[in-house]
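Chemist: Model the following, please.
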Amino acid sequence: MNNPDRNRRSERPSSISLARDKLLEIEDRIFTQHNLHVYGFGVAWAWTLFTGWLLLGGWIKGVLRSIDFCWIWASGTLAASSNPALIYDPAAFTAALDALFGPGECKFLHFSYPPTVLFFNYPFGLLPYMTAFAVWIVATIVLYLGAVYAIIPRPAALIAALTPMAVPVNVLFGHNGFLTAGLIGLSLVFVERRPWLCGILFGLLTYKPQFGVLFPLALLASRNWRTLCWATASSVALSAAAAAAFGYQGWPSFIDLLGHRNSTLSPDGVGLELQSIYGLLHWAGVSTWLSWTVHLAVAIVVGIAVCAVWAEPIPHSLKAAILSIGALTVTPYVLRYDLCILSIPVAFLVKDGLARGFLAGERTVILICLAAFLLWLAPMMPVGPVVYPVILLLIARRIVAARCGLFTASPDEAVLVTVARC
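Modeler: Residues are numbered from 1 along each chain as shown. I've put the predicted structure just below:
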C-alpha cells in the first residue's frame, strides 16, 4: 500500500528545485548586462545631479569650506609647514583651522588619525582649497573604481560601483571612504599574485588601523608568509618615515587621543552615527557595557570564521569577500563614508558567481541590501550592521555550496547543480 505522506515527502525536493530554478530564471532575465547598464547609469546620473546641485549650492554659500575635507587640507597644509607637530596639538590645530577657514567654520577639535595619513594629505596642502578638493575626489574615486575593475573587469561593474549611497556621501563631504575601499580591494586582488605590492598596500592601510585587524590573522591562517613579511616591513617603514618626516610627537599624541573618546567613540564630544554592531546597540539605547560585550562577541566569531576560511583551499574570491566584509564587521568605529568598502566584498561575491554560477536569490538579496541604504535619507537606524550579516550569510552559503559539490564549471559558463544534494 502506498504511503501518501511518503509520496509527498519525496515530491518536496523537486518542488523546491522547480521554485529555485524559476527564481534563477527570473533573476537571469532581470540582471542582464544591458539592464545593469541602463539602471546603473540612471542611478549614477541621479547621484551626479544630486551631488552637483548640492556642491554648487555649497560653493556659492561658502559651506564647502566646513566639510570633512577641511581637516584633510588643513593637516596637509600644516604637514608642509615648518612645524608639522602642531597637527597633534588640539589648541594649535583648532587655531590653524580658524586661521585658514574663519572662526568656527571647520569644527574639528582634534586630529584623530595616525601620522601615516599625512603621506596622503601632504600633497593636497600644497594646492588651493577648492583645487585640492576637486583633485582629492577625482583621485580617490579613480582608485576606488580601479579596485572594483581589477576584481571584475567589466564596464557594468564600474557603473554598479557608483550606485551605492556611500558614493555621494563621500563626494559631498570629501572624506576618505574611496581611499580605504580602494586600498582594501587592490590589496586583496594582489595578495596571491604580487605579495610585495599587496604588502605595501596593507602598510598604507595603517592610516585606518581599525580596518586592518583581521588582515594579519588571515595571512597567518593561510601561511602566506611572503605577503605577511612585506606587510609588516611596509607598516614599520611607513611608521618610521612618518615620525621622521612629521615629528615623533605624532605617535604618542595619537595613542593618547584614543583613550579620550565618548560613548560614540568621538574625541570631539559630538554624537556619531556609528555603522557597527556597537553603534546599532548604542543607538537602540542598550547600555555601553552590554553593547561592547555583544560587539566583541560578534567580532570574535567573525574573526574565527575568517581565519577558518583562509586556512582552507577555498576559492580566493570567497576568501577576499569574507575578509573585506569581516573588516567592516569587527571594528566598532565605522561611519557612513566608510561603507564604500561594502562594494569590495560584493564585487568578490559577484566575481565568484560569474565564474561558477549564481545561487537562487543571491542577486536579489544584494539589490535589497543596496536599496536599504536609501534609508539614510531619513533619520533611521544605522543600516550597515544589518547588512553585514546578510553579506556574511551569502558568502557562507556559497562556501557550503562549493563544499557540497553544487558547482560545475566549464571554460565558458558555470552551471548550478540542484541544492537538494546538500
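Chemist: CA only for contacts and neighbour counts going forward, please
Modeler: Fine.
Chemist: helix, strand or coil for Met381?
Modeler: coil (DSSP: H, G, I helix; E, B strand; the rest coil).
Chemist: Surely Tyr122 and Ser81 touch.
Modeler: No. Tyr122 is not in contact with Ser81 according to Cα atoms under 8 Å; the separation is 9.8 Å.
Chemist: More neighbours: those two, which one.
Modeler: Neighbours were counted for Tyr122 and for Ser81 using other Cα atoms under 10 Å; Tyr122 has more, 20 against 15.
Chemist: How about the more buried one: what's its closest non-neighbour residue?
Modeler: Gly76 (4.0 Å; Cα to Cα, 6 or more residues apart in numbering).
Chemist: And the one helix or strand the one you found maps to, how far out from the chain middle?
Modeler: Assigned by DSSP states H and E, Gly76 falls within helix 69-79. Distance of helix 69-79 from its chain centroid, counting by Cα atoms, centre = their mean, to the nearest Å, is 23 Å.
Chemist: can you pull the buried residues of the helix or strand following it?
Modeler: Where DSSP H and E defines the elements, the next helix or strand beyond helix 69-79 is helix 90-101. By 16 or more other Cα atoms under 10 Å, the buried positions in helix 90-101 come out as Pro90, Phe93, Thr94, Ala95, Ala96, Leu97, Leu100, Phe101.
Chemist: is it true that Ala181 touches Ile341?
Modeler: Yes. Ala181 is in contact with Ile341 according to Cα under 8 Å; the separation is 4.4 Å.
Chemist: just the helices in the stretch 251-400 of the chain please.
Modeler: Secondary structure of the stretch 251-400 of the chain (DSSP state H, counting those that start in this stretch): helices at 277-283, 288-310, 316-330, 343-356, 362-372, 384-403.
Chemist: Now tell me what touches the second one from outside.
Modeler: Applying Cα atoms under 8 Å, 6 or more residues apart in numbering, the external contacts of helix 288-310 come out as 214, 217-219, 221-222, 263, 277-279, 281-282, 319, 322-323, 326, 329-332.
Chemist: got the buried residues for it?
Modeler: Applying 16+ other Cα under 10 Å to helix 288-310 flags 291-292, 295-296, 298-299, 302-303, 305-307, 309-310 as buried.
Chemist: Repeat that for the last one.
Modeler: Across helix 384-403, burial judged by 16+ other Cα under 10 Å covers 384-388, 391-392, 394-396, 398-399, 401.
Chemist: thinking again about what came up before, alpha carbons of the helix holding Gly76, as PDB, please.
Modeler: Listed next in PDB are the C-alpha coordinates belonging to helix 69-79 (Å, rounded to 0.1, in the frame of the first residue of the first chain):
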ATOM      1  CA  PHE A  69      37.800  67.700   3.700                       C
ATOM      2  CA  CYS A  70      38.700  70.900   5.600                       C
ATOM      3  CA  TRP A  71      40.700  68.900   8.200                       C
ATOM      4  CA  ILE A  72      42.400  66.900   5.400                       C
ATOM      5  CA  TRP A  73      43.500  70.000   3.600                       C
ATOM      6  CA  ALA A  74      44.400  71.800   6.900                       C
ATOM      7  CA  SER A  75      46.500  68.800   8.100                       C
ATOM      8  CA  GLY A  76      48.300  68.700   4.700                       C
ATOM      9  CA  THR A  77      49.000  72.400   5.000                       C
ATOM     10  CA  LEU A  78      50.500  72.000   8.500                       C
ATOM     11  CA  ALA A  79      52.400  68.900   7.400                       C
END
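Chemist: can you give me the angle that helix makes with helix 90-101?
Modeler: 110 degrees (axes from the mean of the first three to the mean of the last three Cα atoms, to 10 degrees).
Chemist: helices or strands up against helix 69-79?
Modeler: Contacts defined by 3 or more Cα pairs under 8 Å, 6 or more residues apart in numbering; DSSP states H and E place helix 69-79 against helix 90-101, helix 118-121, helix 129-151.
Chemist: Minimum distance to Asn35: which of those helices has it?
Modeler: Nearest of the helices and strands packed on helix 69-79 to Asn35, taken as Cα to Cα: helix 129-151 at 18.6 Å.
Chemist: Quick one: residues contacting Thr51.
Modeler: With Cα under 8 Å, 6+ apart, Thr51 has these contacts: Pro168, Val171, Leu172.
Chemist: of the buried residues of helix 288-310, closest to Arg194?
Modeler: Trp310 (17.6 Å).
Chemist: Skip the chain neighbours and tell me the closest residue to that closest one.
Modeler: Spatial nearest neighbour of Trp310, excluding adjacent residues (Cα to Cα, 6+ apart): Ser222 at 5.2 Å.
Chemist: Next, give phi and psi for the one you found.
Modeler: phi -90, psi 0 (degrees, to the nearest 10).
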